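A.B. asks: no FASTA, just this:
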């Protein structure tokens, strides 16, 4: 849900203002140091009807759950724990009776699961279409915070789970089959909230973000910020059953974690992760020293040149 | 921009979740104590095209300035200093070339005036209509924070400036005369940001909020939260030139501060306020002991019963 060019122009336009203790724009969240190795993190995202969800396809409970989940994912993607959210809901005159109440039920179910209170709420009218804005606040020891700029040459690249399910699900929905498991996953993504906080506490984890725009596009953000390159072995990319490699690499909204790990820490991290969460993350390649922030795609050891880089979120 | 009933229902629905150190819903901002008498404050507001502004009437610079100003007003209304904002902008396909850039210019002009950096930005597409969401973060010593619940019987009620200008301006605009001073004020409200922070530091100031829905409606929020009543002398209400008492009492979006002051502190506060800001706030009545959170309206000492209470924002 990010237009990189706009964000860049904002960063430049506001560069002369005082920072007031905040780190500038560039990561999933803004970071505010509190001293004593503690920091707060902030992120704000909008979901618009007709763009991010269809009222005819997604239930209000699903929209409520998803709008909170994607924001918790941003907090977790920097290694922090979400501690509160604010919700601003804009409803048009034709909004069905009870929609907002069911939306809140879905929102609340996720809030309860992660113990995240709603500390501010606002509702307004909209001319047309439902608009949802969620601001999430997180907290972490400063030393746990994972930035996109922290990847180092030699790091192993991991993804937290299988990719492409959301893109497949969206295709199912657009094809009129909204009842598949993938379609359900698209409507109700499961962010790796606990995993993100846990990975934050592992010093061997260097860079981290969540996959909202697709691996090809998101990994490039890490490469640009860290001034490195990457080799990705496509046969190691975990693909959702029935999805294609294009779904996995170019599809958006999987909300799995993407992170790089110092090679010496990989085995212990992998074992402890599995002990804690009951499954293993997937190593898909490694960070390389490179003058260009490019991904070298390899299939069974052979470099090839797919047209994946241009993919963006849909 | 608040539907009180919805906020109330949210408060109840989320009451069983852990607070994580946040004060519950009810004031202009959520409050998060940092310890050592320091706290952060959070507020989030949405402006929708066709509801909160008309693209044909307001320039993008005005919309940008106003969308930030109303959020800074919420921070100031609790006695805090704004320290950062996040912006989420949703733009439809028919948004004119350059609209977003001009919007940002207006936003930036206010951000620069108050030294408030933009620390997070996000832009998305909307199906129709521009939607703007701003999250503002403030900071204050915990002891400076003014809550709606702190009014005490005997307090003098103040408003920070003349009222009704925004309502008159909106009427001008709807009548096709968008070139009046009042219309300009409606498009470009001036919140009392520095005044709010200064009043926060005055222990004699008890309750405070900003006037976004009109005096009759907003003062009642203080009375309900503080479990008190009020007497307001209508001839003391400062009215914008050309506006009516109805505009001043029932009109919204004036963004002046409404605050109550312990009687013994009134004279010193008034003098120091004038020294600091070059003008005086207006005493309009007093807080009374009352079993009902009712406003008693008086004209030249005589109680009367106007039909003002039902007014809400338009």
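C.D. replies: Sure thing, it's come through. Owing to the predicted nature of the structure, the values given are computational and were not obtained by experimental measurement.

A.B. asks: ok, and the closest non-adjacent residue to the residue sitting nearest the centre point of chain A?
C.D. replies: In chain A, the C-alpha nearest the mean C-alpha coordinate belongs to residue A:210, at 3.0 Å (CA atoms, centre = their mean). Distances taken as CB to CB, 6 or more residues apart in numbering or on different chains place residue A:77 nearest to residue A:210, at 3.8 Å, with adjacent residues excluded. The way it works is simple: take the backbone N, C-alpha and C, and place the C-beta from them, glycine included.

A.B. asks: ok, the one you found touching residue A:41?
C.D. replies: No: Residue A:77 lies out of contact with residue A:41 (CB atoms under 8 Å); the separation is 9.8 Å.

A.B. asks: identify the contacts common to those two.
C.D. replies: Common neighbours of residue A:77 and residue A:41, using CB atoms under 8 Å, 6 or more residues apart in numbering or on different chains, are residue A:29.

A.B. asks: tell me, how many residues neighbour residue A:96?
C.D. replies: 10 (other CB atoms under 10 Å in any protein chain shown).

A.B. asks: an error on my part: the question was meant for residue A:154.
C.D. replies: What residue A:154 shows, counting by other CB under 10 Å, is a neighbour count of 15.

A.B. asks: which residues touch it?
C.D. replies: Contacts of residue A:154 (CB under 8 Å, 6+ apart): A:262, A:263, A:286, A:287.

A.B. asks: can you tell me the SS state at the last one?
C.D. replies: For residue A:287, the secondary structure call by DSSP: H, G, I helix; E, B strand; the rest coil comes out as strand.

A.B. asks: and the pLDDT at it?
C.D. replies: Residue A:287 is assigned a pLDDT of 98 by the prediction.

A.B. asks: what's the answer for residue A:86, then?
C.D. replies: 96.

A.B. asks: now residue A:40
C.D. replies: 97.

A.B. asks: next, count neighbours for the nearest residue to it once chain neighbours are set aside.
C.D. replies: Spatially, and ignoring its direct neighbours in sequence, residue A:40 is nearest to residue A:32 (4.7 Å; CB to CB, 6+ apart). Residue A:32 is flanked by 22 other residues according to other CB under 10 Å.

A.B. asks: how about residue A:41?
C.D. replies: 28.

A.B. asks: which residues touch it?
C.D. replies: A:29, A:30, A:31, A:32, A:75, A:78, A:80, A:137, A:138, A:139, A:140, A:145.

A.B. asks: so residue A:276 versus chain B, what's the distance?
C.D. replies: 22 Å (CB to the nearest CB, to the nearest Å).

A.B. asks: ditto for residue A:49
C.D. replies: 6 Å.

A.B. asks: that residue touches residue B:129, doesn't it?
C.D. replies: No: the criterion here is CB under 8 Å, and residue A:49 misses it with residue B:129 at 10.9 Å.

A.B. asks: so what sits against both of those two?
C.D. replies: In contact with both residue A:49 and residue B:129: residue A:129, using CB under 8 Å, 6+ apart.

A.B. asks: farthest pair within the contacts of residue A:41?
C.D. replies: The largest separation in the contacts of residue A:41, counting by CB to CB, is between A:137 and A:145 at 14.0 Å.

A.B. asks: neighbour count: those two, which is higher?
C.D. replies: residue A:137 (29 against 21).

A.B. asks: mind checking the SS state of that one?
C.D. replies: strand.

A.B. asks: correct me if wrong: it contacts residue A:39.
C.D. replies: No: taking contacts as CB under 8 Å, residue A:137 lies outside contact range of residue A:39: 11.2 Å.

A.B. asks: hang on, the earlier thing: in terms of contact, does the residue nearest to residue A:40 touch residue A:22 like I think?
C.D. replies: Yes: here residue A:32 reaches residue A:22: they are 5.3 Å apart, a contact under CB under 8 Å.

A.B. asks: before we move on, back to that, may I ask which of the contacts of residue A:41 has the most neighbours?
C.D. replies: residue A:138 (32 neighbours).

A.B. asks: hang on, that residue packs against residue A:82?
C.D. replies: Yes: counting by CB under 8 Å, residue A:138 does reach residue A:82; the two are 5.0 Å apart.

A.B. asks: give me the local confidence score for the closest residue to residue A:85 other than its chain neighbours.
C.D. replies: Once flanking residues are discounted, residue A:85 sits nearest to residue A:136: 4.9 Å by CB to CB, 6+ apart. Looking at residue A:136, its pLDDT stands at 97.

A.B. asks: and residue A:136, what are its bridge partners?
C.D. replies: residue A:43, residue A:85 (DSSP bridges).

A.B. asks: next up, the contacts around it.
C.D. replies: Here residue A:136 is in contact with A:42, A:43, A:44, A:68, A:71, A:72, A:74, A:75, A:82, A:84, A:85, A:116 (CB under 8 Å, 6+ apart).

A.B. asks: with residue A:129 instead?
C.D. replies: A:48, A:49, A:50, A:92, B:126, B:127, B:128, B:129.

A.B. asks: narrow those residues to those that are buried.
C.D. replies: Buried members of the contacts of residue A:129, counted by 16 or more other CB atoms under 10 Å in any protein chain shown: A:48, A:49, A:92, B:126, B:128, B:129.

A.B. asks: what ranges do the helices span in the stretch 201-314 of chain A?
C.D. replies: For the stretch 201-314 of chain A, helices defined by DSSP state H, counting those that start in this stretch occupy the ranges A:215-226, A:245-250, A:266-277.
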